[in-house]
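K.L.:
starting from these lines, generate the structure:
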Amino acid sequence: MKGKRRKAVKTSNVILLAMGLFALAFIATMTAIFCIKDAVPDTLIQYTLGAGGVEALLLAGIKISKVRAGEKPGESEDDYE
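P.N.:
Numbering: from 1, shown residues only. Alright, predicted model coming up:
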């Protein structure tokens with residue numbers, strides 16, 4: 001398998017995966033806290049998920065600007081192997 005090259009992974013995909021895993025873990029933790037303590041930390045939930053939404057919007061803006069600029073896949077510098 002040394003002769004085969006791995007497919008390049010885009011940085012934005014790694015960030016989205018990390019955000020998704022964090023959101024999943026955060027929601028599971030908040031659900032457990034609610035079940036155990038019968039309390040919901042509303043402010044913590046609002047700011048944490050809001051920050052994730054802002055990050056997703058920024059990534060979408062970067063992608064839209066690249067599409068409008070006509071950048072082709074594979075030309076980007078945000079790929080790593």
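
K.L.:
list the buried ones in stretch 15-34?
P.N.:
Met19, Met30 (16 or more other CB atoms under 10 Å). The C-beta positions use only the backbone N, C-alpha and C, and glycine is treated the same way.

K.L.:
need the residue closest to the centroid of the chain.
P.N.:
The chain has Leu16 as the residue nearest its centroid, 2.2 Å off, counting by CA atoms, centre = their mean.

K.L.:
low-confidence ranges in this structure?
P.N.:
Residues of the chain meeting the criterion pLDDT under 70: 1-7, 72-81.

K.L.:
what are the boundaries of the helices in it?
P.N.:
Ranges of helices within the chain are 11-37, 42-69, based on DSSP state H.

K.L.:
next, the angle helix 11-37 makes with the longest one.
P.N.:
Relative orientation of helix 42-69 and helix 11-37, computed by axes from the mean of the first three to the mean of the last three CA atoms, to 10 degrees: 160 degrees.

K.L.:
from Ile33, how far off is the residue nearest to the centre of the chain?
P.N.:
Remark: distance between Leu16 and Ile33 (CB to CB, to the nearest Å) = 26 Å.

K.L.:
next one: Leu17
P.N.:
Applying CB to CB to Leu17 and Ile33 gives a distance of 25 Å.

K.L.:
one more: Ile64?
P.N.:
Relative to Ile33, and taking CB to CB, Ile64 is found at 37 Å.

K.L.:
how about Ala69?
P.N.:
Distance, Ala69 to Ile33, using CB to CB: 44 Å.

K.L.:
next: Met19.
P.N.:
21 Å.

K.L.:
check contacts around Phe26.
P.N.:
Phe26 is in contact with Thr48, Leu49, counting by CB atoms under 8 Å, 6 or more residues apart in numbering.

K.L.:
go again with 10 Å.
P.N.:
Leu44, Ile45, Thr48, Leu49, Gly52 (CB atoms under 10 Å, 6 or more residues apart in numbering).

K.L.:
weed out the non-buried ones from these.
P.N.:
Using 16+ other CB under 10 Å, the buried ones in these are Thr48.
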